[in-house]
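**Student:** Provided below for reference: sequence and predicted model.
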Amino acid sequence: MQSIRELAPRIRSGAVSPVALTEEYLQRIEKLNPTIGAYITVLRESSLEDAEESERLIREGRYLGPLHGIPMAIKDVIAIKGVRCTAGSSVLENYVPDFDAPAVRRIRAAGGIILGTANLHEFASGVTSANPYFGAVRNPHDTGRIAGGSSGGSAAAVAADMAIASLGTDTSGSVRAPAALCGVTGLKPTYGRISREGVIPLSESLDHVGIITMDSWGTAAVLETIAGHDQGDETTLDVPVPRYTEELEGVPSEIRVGVPRKYFLEVLADDVEDAFHRFLERLAGMGVSVVDIEVEGIERIREIWAPIRLGEAAAFHHKWFAATPSRYGDDLRKMMERGMAFSAVQYIEAQSYRSVMRKNFADALRGVDVLATPTTQISAPRSGEEDFTIEGRHVDIYSALTKLTLPFNVVGLPALTVPVEPIGGGMPVGVQLAGRPFEESTILRLAHHYQLKFGLGA
C-alpha cells in the first residue's frame with residue numbers, strides 16, 4: 001500500500017509518473033473489483049486524461065500540492081460532472097449530474113485523479129454495503145466478511161490499494177465504521193467543515209462528507225484541500241482552514257485524553273476491548289495523559305438520534321418512496337416506514353435535547369483535549385450475520401457498528417478512527433478519537449504520532 005505522504009514528494013520530483021501510477025491503480029481495480037466490489041463506475045478514460053494533464057503541469061514546474069497526481073475514489077452519492085451518481089439505488093440509476101460537488105471540484109483543482117465512484121449501502125442508509133443492485137462490498141482482509149457501511153466501497157478501495165484516498169459520507173458512522181472494519185484511517189470532520197453541496201442527502205442535519213486514507217497524514221492532506229466555507233452550503237462556517245499537514249508536528253504529550261467509560265465501554269467484543277486497552281497503555285507510554293471522564297446524559301443519545309436520522313431521511317425520500325416503493329431494497333423500505341412513523345413532536349423534542357447534549361459534550365471536553373473510545377463494538381462480522389451476543393447481551397448489527405459513532409454526528413464534533421490490530425491477530429479494530437469543534441488538528445496530530453511510533457494497524 002502506498003500513502004500520500006510517501007508518494008507526494010516522489011511525484012513532485014518526477015520519480016513517480018501520475019500516468020503510470022493511475023494505470024497501476026486501474027489495473028488493480030480491473031483485477032480486484034470483481035471480488036471486492038468497491039467500485040460502481042470506473043473512469044478509465046477520464047482518469048488517464050487527468051493523469052496526463054497532471055504530469056504535464058509537473059513537467060512545467062506547476063506542482064499543485066500533496067494531492068497532485070494522487071488516484072482517488074469518490075462515494076457514489078457525491079456529484080461528479082458527467083458521471084452517473086446512483087446513490088447505490090435503482091431509483092437514481094440514470095441520474096447524471098452536470099456539475100462537480102465542491103469537494104470534487106477542489107480535488108480536481110489540487111491535481112487529484114478521480115478513478116471512479118465507490119459502491120455503498122443503498123442511499124447511504126445501512127452498515128453492511130450489501131447492495132442489492134450493484135453487488136456487495138467485501139472486506140479486503142477476509143472476503144467472507146463485510147466491509148461495513150455505508151461508505152463500504154470507499155473504505156475497501158483504500159484497504160485493497162485500489163485507491164490511495166477516498167471520499168465518503170458519514171451520518172451515523174458511515175465513514176468511521178467501514179474504515180475501522182477495513183483497517184484504514186477515517187475522518188468525520190466537524191459539522192460545517194466540508195461543503196455538502198452536490199451530495200445526495202440522507203439526514204440533512206447529521207450528514208458529513210468524510211475522508212478515508214491509509215494514515216492521518218494523508219487524511220490531513222485531503223482535509224486541507226477540500227475544507228472551507230462554500231456559498232452553496234449554508235451549513236458551512238466561514239472558519240479559517242489550517243494547513244493540517246503542518247500542524248501534525250506538535251508534541252503529543254501535551255494532549256490530554258479523556259475516556260468516557262459509561263455507554264462507550266459497556267458492551268464490547270473481547271478483541272475490541274483488548275485492543276482498545278492496549279491503545280490506551282501505549283498512549284500513556286508516549287507520555288500522553290489519560291483520564292476517565294463522563295458525558296452527562298449519554299444514555300439518551302439514541303433517543304435523540306432516531307427521530308432526526310430516520311425522520312429526515314423519510315422526509316427527503318417521501319415523494320420517490322410514495323411513487324415507487326418497489327424500487328427500494330427491503331432494508332431501506334423498512335427504514336423509511338420507521339421514519340414516517342415519527343411525529344413532528346418527537347422530532348422537535350429530539351432537536352431540543354440535542355442542544356443539551358452539545359453542552360454536555362463541551363463540558364466533558366473542558367478538562368481534556370480528546371475523547372478516546374472504540375469505534376465499533378465488534379470487528380468485521382461475516383456476511384449475513386446480523387445478530388450477536390456480547391457479554392451475554394443481544395446486539396443487532398446496526399447498533400454494533402454505529403452505537404459508538406453516532407453520538408458525534410448528533411453533536412457535530414470531529415471524530416477520527418485509527419486502525420489497531422487485535423491482540424493475537426484477527427480482523428482490524430478501530431479506535432476513535434474525537435475533539436472540540438474545528439479542532440481536527442488535535443486528533444490528527446495524536447493519531448499521526450501514534451502511527452509513526454507503532455506503525456499502521458499497530
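**Tutor:** Everything's here; your move. Keep in mind the model is a prediction, meaning the values are calculated, not measured. Residues are numbered from 1 along each chain as shown.
**Student:** residues in contact with Thr442?
**Tutor:** 255, 369-370, 435-436 (Cβ atoms under 8 Å, 6 or more residues apart in numbering). Yep, even glycine has a C-beta here, placed from its N, CA and C like the rest.
**Student:** and with 10 Å instead?
**Tutor:** 247, 250, 252, 254-256, 369-370, 414, 416, 433-436 (Cβ atoms under 10 Å, 6 or more residues apart in numbering).
**Student:** next one: Thr225
**Tutor:** 64-67, 70, 103, 106-107, 109-112, 211, 241, 244.
**Student:** Specify the local secondary structure of it.
**Tutor:** helix (DSSP: H, G, I helix; E, B strand; the rest coil).
**Student:** Count the neighbours of Leu64 for me.
**Tutor:** 16 (other Cβ atoms under 10 Å).
**Student:** circling back to that earlier point, identify those among the contacts of Thr225 that sit within helices.
**Tutor:** Among the contacts of Thr225, DSSP state H puts 103, 106-107, 109 in helices.
**Student:** Relative to Ser355, how far out is Ala362?
**Tutor:** 11 Å (Cβ to Cβ, to the nearest Å).
**Student:** Name the residues contacting each of those two.
**Tutor:** In contact with both Ala362 and Ser355: Val411, using Cβ under 10 Å, 6+ apart.
**Student:** For ChimeraX, write the select line for the buried members of the contacts of Thr442.
**Tutor:** The ChimeraX selection below is limited to those of the contacts of Thr442 classed as buried (16 or more other Cβ atoms under 10 Å):
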select :247,252,255,256,369,370,414,416,433,434,435,436
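**Student:** hang on, the earlier thing: can you flag the buried ones in the contacts of Thr225?
**Tutor:** Buried by 16+ other Cβ under 10 Å: 64-67, 70, 103, 106-107, 110-112, 211, 241, 244, out of the contacts of Thr225.
**Student:** So which of those is the closest to Ala177?
**Tutor:** Proximity of the buried ones among the contacts of Thr225 to Ala177 (Cβ to Cβ) peaks at Ile211, which lies at 14.4 Å.
**Student:** quick one: that closest one and Ile78 touch, right?
**Tutor:** No. Applying Cβ atoms under 10 Å as the test, Ile211 and Ile78 come out as separate, 11.9 Å apart.
**Student:** picking that back up, could you save the ones in helices among the contacts of Thr225 as TSV and add columns showing distance to Tyr39 and pLDDT?
**Tutor:** Shown next, in TSV, are those (distance: Cβ to Cβ, whole Å; pLDDT from 0 to 100):
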residue	distance to Tyr39	pLDDT
Ala103	18	98
Arg106	22	98
Ile107	17	98
Ala109	23	98
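**Student:** Among the residues you listed, which one lies nearest to Arg5?
**Tutor:** Among the ones in helices among the contacts of Thr225, and counting by Cβ to Cβ, the member closest to Arg5 is Ile107, at 17.3 Å.
**Student:** circling back to that earlier point, can you tell me which of the contacts of Thr225 is closest to Tyr25?
**Tutor:** Ile70 (9.9 Å).
**Student:** Could you report the distance from Ile4 to His121?
**Tutor:** 27 Å.
**Student:** of those two, who's got more company?
**Tutor:** Counted by other Cβ under 10 Å, Ile4 and His121 do not tie: His121 has more neighbours, with 32 against 24.
**Student:** Touching, the more buried one and Ala155? I think so.
**Tutor:** No. Using Cβ under 10 Å, His121 is not in contact with Ala155, being 11.8 Å away.
**Student:** how near is the residue of the chain most remote from its centre to Gly14?
**Tutor:** Largest separation from the mean C-alpha position in the chain: Glu60, at 35.1 Å (Cα atoms, centre = their mean). Distance, Glu60 to Gly14, by Cβ to Cβ: 12 Å.
**Student:** CA atoms of stretch 257-265 as PDB?
**Tutor:** The C-alpha coordinates for stretch 257-265 follow below in PDB (Å, rounded to 0.1, in the frame of the first residue of the first chain):
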ATOM      1  CA  VAL A 257      -7.100  12.300  26.600                       C
ATOM      2  CA  GLY A 258     -10.400  11.500  28.300                       C
ATOM      3  CA  VAL A 259     -12.000   8.100  28.300                       C
ATOM      4  CA  PRO A 260     -15.800   8.100  28.700                       C
ATOM      5  CA  ARG A 261     -16.400   4.600  30.100                       C
ATOM      6  CA  LYS A 262     -20.200   5.000  30.500                       C
ATOM      7  CA  TYR A 263     -22.000   3.900  27.300                       C
ATOM      8  CA  PHE A 264     -18.900   3.700  25.200                       C
ATOM      9  CA  LEU A 265     -17.100   0.800  27.100                       C
END
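**Student:** That one: which residues count as buried?
**Tutor:** Buried-residue list, stretch 257-265, by 16+ other Cβ under 10 Å: 257-260, 263-265.
**Student:** Relative to Ile146, which of those is nearest.
**Tutor:** Phe264 (22.4 Å).
**Student:** wait, what's in contact with the closest residue to that closest one other than its chain neighbours?
**Tutor:** If you skip the residues right next to it in sequence, Phe264 has Thr373 as its closest partner in space, 4.1 Å away by Cβ to Cβ, 6 or more residues apart in numbering. When contacts are counted by Cβ under 10 Å, 6+ apart, Thr373 touches 258-261, 263-265, 268, 276, 404-405, 407-408, 415, 417, 430-434.
**Student:** Sort out for me which of those are in helices.
**Tutor:** Using DSSP H, the contacts of Thr373 in helices are 261, 263-264, 276, 407-408.
**Student:** So which of those residues is the closest to Pro18?
**Tutor:** Scanning those for proximity to Pro18, where the rule is Cβ to Cβ, the winner is Phe408, at 35.3 Å.
**Student:** Please name the residues that touch the closest one.
**Tutor:** 170, 172-173, 176, 188, 190-191, 208, 301, 361, 371, 373, 414-416, 432, 434-435.
**Student:** so what's the backbone phi/psi at the residue farthest from the centre of the chain?
**Tutor:** Main-chain dihedrals, Glu60, degrees, to the nearest 10: phi -90, psi 0.
**Student:** State the distance from it to Ala103.
**Tutor:** Distance from Glu60 to Ala103, by Cβ to Cβ: 26 Å.
**Student:** which parts of stretch 130-140 are buried?
**Tutor:** 130-132, 134-140.
**Student:** Model confidence at the nearest residue to Ala447 once chain neighbours are set aside, what's the number?
**Tutor:** Distances taken as Cβ to Cβ, 6+ apart place Ser216 nearest to Ala447, at 4.0 Å, with adjacent residues excluded. We have a pLDDT of 97 for Ser216.
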